[in-house]
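Trainee: Quick one: sequence and predicted model below, then my questions.
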Amino acid sequence: MILELDCGNSFIKWRVLKASQAGVFAEGVVDSDVALLGGLHSLVGLSLQHCRLVSVRAQEETNRLVGVLVAAFGVSISCAAPSREVAGVRNGYEDYARLGLDRWLAMLGGFQLASGACLVLDFGTAATADFIAANGEHLGGFICPGMPLMRNQLRTHTRKIRYDDVAAERALESLVPGRTTAQAVERGCTLMLRGFAQSQLELARSYWGEDFSVFLTGGDAGLVVDALPGARFVPDLVFVGLAMACPLS
Ligand SMILES: Nc1ncnc2c1ncn2[C@@H]1O[C@H](COP(=O)(O)OP(=O)(O)O)[C@@H](O)[C@H]1O
Ligand SMILES: CC(C)(COP(=O)(O)O)[C@@H](O)C(=O)NCCC(=O)O
Ligand SMILES: [K+]
């Protein structure tokens, strides 16, 4: 079995594959190393041979997680590393090592699934957009605050924006103008994300006409999916790229 991990700024997304090219044995989203170990130890019949991982966290934090996994399961761990070119995609950053590895892997996955020009949108802690031309050239991208950051900034820098998770969830039943603080903030920030996505789409059209694919991923992709008809919602896009960047053997 293969353990795959995507360590974002807020959550660790994990899944266990039965073998390469085979189905998913188990999967989850956790907010700490301890919760990850708890989740894995609770799996009946788990037998890990390999592990591959991508992290946008600090090196020490990632090293600590690797150490914990090696100690717990005795597996060898392959970590995605920055690269100038993989599978026909050429990293467009001035310093290729500075491009977030989750963005890079989502791009690899998107370009492979599209077999052509694509726009990759990832809605996590940050919201990101990346443009890959039909010849595999990465034109660059954009980063802005995602839903958790926008919400927290409002909460931290105002006196009277306070509401709980239940109110936040209920607020998104519709996107009409809010009549409570929770509705006003949750809907306002959702519209910001949708506006971000739509402006990326316009830019992609100006480059490529209608001849490109749009991929949506990240924990908050569901907030924008309705606003982008024709986009492909691929929750595991980073894992698609991870398997390409870290093939077994
Ligand atoms: N099943 C889920 N588990 C955790 N977070 C989720 C889930 N579904 C949606 N979310 C939301 O996704 C966002 C985090 O997205 P994610 O892609 O995991 O971020 P990151 O990669 O930066 O850690 C949060 O706003 C969170 O509320
Ligand atoms: C842009 C990001 C913060 C997104 O992280 P996420 O929201 O997935 O946790 C991450 O890809 C990152 O730290 N990138 C390095 C900076 C860059 O890509 O330019
Ligand atoms: K991410």
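Mentor: Here it is on my side, so go on. Numbering: from 1, shown residues only. Ligands and ions are numbered 1, 2, ... in the order given.
Trainee: Helices of the chain, start to end?
Mentor: 33-41, 59-73, 101-114, 147-157, 165-171, 181-208, 237-245 (DSSP state H).
Trainee: how close does the closest residue to ligand 2 within the chain get to residue 207?
Mentor: Going by CB to the nearest ligand atom, ligand 2 is nearest to residue 100 of the chain, at 1.9 Å. The way it works is simple: take the backbone N, C-alpha and C, and place the C-beta from them, glycine included. Separation of residue 100 from residue 207 (CB to CB, to the nearest Å): 22 Å.
Trainee: who has more neighbours, those two?
Mentor: residue 100 (20 against 13; other CB atoms under 10 Å).
Trainee: residues contacting that one?
Mentor: Contact analysis of residue 100 by CB atoms under 8 Å, 6 or more residues apart in numbering lists 56, 128.
Trainee: Then the one 5 residues further on?
Mentor: Applying CB under 8 Å, 6+ apart to residue 105 gives the contacts 54, 80, 237-242, 244-245.
Trainee: From residue 212, how far off is it?
Mentor: Taking CB to CB, one finds residue 105 at 19 Å from residue 212.
Trainee: how about the residue nearest the centre of the chain, what does it touch?
Mentor: Centroid check for the chain by CA atoms, centre = their mean gives residue 218 as the closest residue, at 3.8 Å. Contacts for residue 218 (CB under 8 Å, 6+ apart) come out as 121-124, 127, 146.
Trainee: How confident is the prediction for it, by pLDDT?
Mentor: On the pLDDT scale, residue 218 is placed at 98.
Trainee: Next, work out how far apart it and ligand 3 are.
Mentor: With distances taken as CB to the ion, to the nearest Å, residue 218 is found 6 Å from ligand 3.
Trainee: With residue 10 instead?
Mentor: Going from residue 10 to ligand 3 by CB to the ion gives 8 Å.
Trainee: That residue - nearest residue in space that isn't next to it in sequence?
Mentor: Setting aside the residues directly before and after it, residue 10 is nearest to residue 125 in space (CB to CB, 6 or more residues apart in numbering), at 4.7 Å.
Trainee: Kindly report the same for residue 184.
Mentor: In this structure, residue 184 finds its nearest non-sequential neighbour in residue 178, 3.3 Å apart by CB to CB, 6+ apart.
Trainee: What's the local residue count around the one you found?
Mentor: Close neighbours of residue 178, defined as other CB under 10 Å, add up to 15.
Trainee: Surely it and residue 172 touch.
Mentor: No: using CB atoms under 8 Å, residue 178 is not in contact with residue 172; the gap is 10.4 Å.
Trainee: any common contacting residues for those two?
Mentor: By CB under 8 Å, 6+ apart, the residues touching both residue 178 and residue 172 are 186-187.
Trainee: Show me which positions of stretch 90-107 end up buried.
Mentor: Neighbour-count burial for stretch 90-107 flags 91-93, 99-107 (criterion: 16 or more other CB atoms under 10 Å).
Trainee: ok, so of these, who is nearest residue 29?
Mentor: Proximity of the buried residues of stretch 90-107 to residue 29 was ranked by CB to CB; the top entry is residue 102 with 14.3 Å.
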